[in-house]
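> Structural data only, the sequence is not supplied:
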């Protein structure tokens, strides 16, 4: 039996990615239209944000540029789930039609093999948009540029991205047990919009839900505080990397449990 | 390649597989009830099947729809765990060692391509070579073997999505053999294909089996596949094994059966299956002639298709 370690998976992923990009380029019209669609979606989101802020100059003590930073932060943090984990959206169709079984016939991790099949280029536009917004807000707020701050930014962006990945894994894997898992995914995906606002606007029960159960407060709010308010970072911000890793791990186990429990009925 | 050196590719001993199915209630009220219901019934898909498949064999694994064929294959491939009994594939328990088992098997599910949809076949081959960690020399050797068996040039640089069904099936079969697995499972490999493509695919399977001594477990409803490929057939129905022997034995067993075809005065053909041990063919013809004028008579040996039909019918009684 061959040993397949991290290096093996990284190599395979890179090869699949290159092939996938090559074939995507061959559908030129599709590529152009989806890129255009992505730009429009981001612009629309941005315009909504501007209109909102035109009417409410501060939200819970957060001014325009801080909000803009949060907005950009969440856009960047949501890029990995969009780019690398987009196949989760197809999971329920594959499971219902029985096509999912083909992912179980290869001598590699089923989750990896399934997820590696789709790389969504549209996420890259969102990434560019997000980076632009962060840089703009960064300059306007006047946060000092030091290697330490940059390092913190990268670590906490990565942390933030883990939460949405985990949420979508959980939501997608529900299809192994229930038929209406599409709704679960859509609801979870909608929740990401809340991540663009400071979680201090949520009170009581909502605060608990959005912090621990459906932790969207970690998608931008808590991690970005490390950069925005370095003198007053809550403990939840510091533990967010560990919590993120744990959350992704749990979602992976849940996903794989679904594969194991599933009957694969029908031929 | 497997380290297991035994001569058995698959050993099944008293293997059973049960599924728990929710007893569904009707109507909206029923659906709400179902949400909280613990009311399950057990359905036995495979019952007490004992079977040994030796290396290099091509066996036809037959049975009517819903007989438990797919469930058996899913257990052998390590996707499902048997409820009870012992199952060894290449000497290992497949469900406990799924990835290891997958290194030594190849699977083709008719009509369901497992290749990367948008990639040219050659790129899919290269990815599979990397996934299975096939040494370069073995890979080259396999491609050479493919070239000698079929004309792969027209499909090698074609994306799978642009292929005809026949080309896609051919590609899937080639992909399943690429890592030189000990066992290949073929589920309805010729379904929906034209006659010449069917012949081509059967020839390819025979050629690969001969060259590489690969065990092939074939499920099909096409008796042409069985006649062309299998020396031995196993038939299951309602989860139970009802026949396991040489195909020749089967024909001898039903050897006294003849298909009598009569062309009547109104140009229609009527068919009768007659056991010569109990009924005389001439008697039937005479009897018929009293009712209608007979223009033509044909007597055929029983086909595999009819034999299998008789076995299915026999088990249904």
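That came through fine. It should be emphasised that the depicted structure is a prediction, and the values quoted were computed from it without experimental measurement.
> List the contacts of the spatially closest residue to residue B:61 that is not a sequence neighbour.
Leaving aside its sequence neighbours, residue B:61 sits nearest to residue B:219 (CB to CB, 6 or more residues apart in numbering or on different chains; 4.7 Å). C-betas here are computed from N, CA, C, even on glycine. For residue B:219, the contacting residues are B:60-63, B:69-70, B:73, B:185-188, by CB atoms under 8 Å, 6 or more residues apart in numbering or on different chains.
> now, which of those residues sits nearest residue B:95?
residue B:73 (13.2 Å; CB to CB).
> dump the residue contacts of that closest one.
By CB under 8 Å, 6+ apart, the neighbours of residue B:73 are B:61, B:107, B:185, B:187, B:217, B:219.
> can you rerun that using 7 Å?
Going by CB atoms under 7 Å, 6 or more residues apart in numbering or on different chains, residue B:73 touches B:185, B:187, B:219.
> contacts for stretch B:254-268?
With contacts defined as CB under 7 Å, 6+ apart, stretch B:254-268 is touched by B:269-277, B:281, B:284, B:288, B:292-302, B:306-307, B:310.
> Inside helices: which ones of those?
Taking DSSP state H, the ones among the contacts of stretch B:254-268 that sit in helices are B:281, B:284, B:288, B:306-307, B:310.
> one step back: can I have the buried ones of the contacts of residue B:219 as a PyMOL selection?
This is the PyMOL syntax for the buried subset of those, where burial follows 16 or more other CB atoms under 10 Å in any protein chain shown:
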select buried, chain B and resi 60+61+62+63+69+70+73+185+186+187+188
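> From the contacts of residue B:219, which land in helices?
Using DSSP H, the contacts of residue B:219 in helices are B:69-70, B:73.
> May I see these organised as CSV, with pLDDT added?
Below are the ones in helices among the contacts of residue B:219 laid out as CSV (pLDDT from 0 to 100):
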residue, pLDDT
B:69, 90
B:70, 89
B:73, 93
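> Reformat those residues as CSV; add distance to residue B:119.
Formatted as CSV, those follow (distance: CB to CB, whole Å):
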residue, distance to residue B:119
B:69, 31
B:70, 27
B:73, 26
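> Among the residues you listed, which one lies nearest to residue B:6?
Taking CB to CB as the measure, residue B:73 is the one of these closest to residue B:6, at 20.9 Å.
> Distance-wise, check that closest one relative to residue B:253.
In this structure, residue B:73 lies at 26 Å from residue B:253, with CB to CB, to the nearest Å as the measure.
> Next: residue B:262.
Noted for residue B:262: a distance of 26 Å to residue B:253, by CB to CB.
> Please apply the same query to residue A:244.
Residue A:244 is 66 Å from residue B:253, by CB to CB.
> Residue A:232 too?
87 Å.
> What is the burial count for the closest residue to residue A:163 other than its chain neighbours?
Leaving out its chain neighbours, the residue that sits closest to residue A:163 by CB to CB, 6+ apart is residue A:218, at 4.6 Å. By other CB atoms under 10 Å in any protein chain shown, 29 other residues sit near residue A:218.
> swap in residue B:251?
Residue B:251 has 15 neighbouring residues, counting by other CB under 10 Å.
> so which strand or helix has it?
Element membership for residue B:251, per DSSP states H and E: helix B:247-253.
> what's the average pLDDT for that helix?
Taken as a whole, helix B:247-253 has an average pLDDT of 75.
> which residues are contacting that helix?
B:226, B:230-233, B:307.
> same for the host helix or strand of residue A:161, what does it pack against?
Applying DSSP H and E as the criterion places residue A:161 in helix A:147-173. Contact partners of helix A:147-173 among helices and strands, from 3 or more CB pairs under 7 Å, 6 or more residues apart in numbering or on different chains; DSSP states H and E: helix A:64-77, helix A:79-84, helix A:181-191, helix A:221-228, helix A:235-261.
> export the ones you listed to a markdown table and tack on mean pLDDT?
Listed next are the helices and strands packed on helix A:147-173 as a markdown table, based on pLDDT from 0 to 100:
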| stretch | mean pLDDT |
| --- | --- |
| helix A:64-77 | 88 |
| helix A:79-84 | 91 |
| helix A:181-191 | 86 |
| helix A:221-228 | 86 |
| helix A:235-261 | 92 |
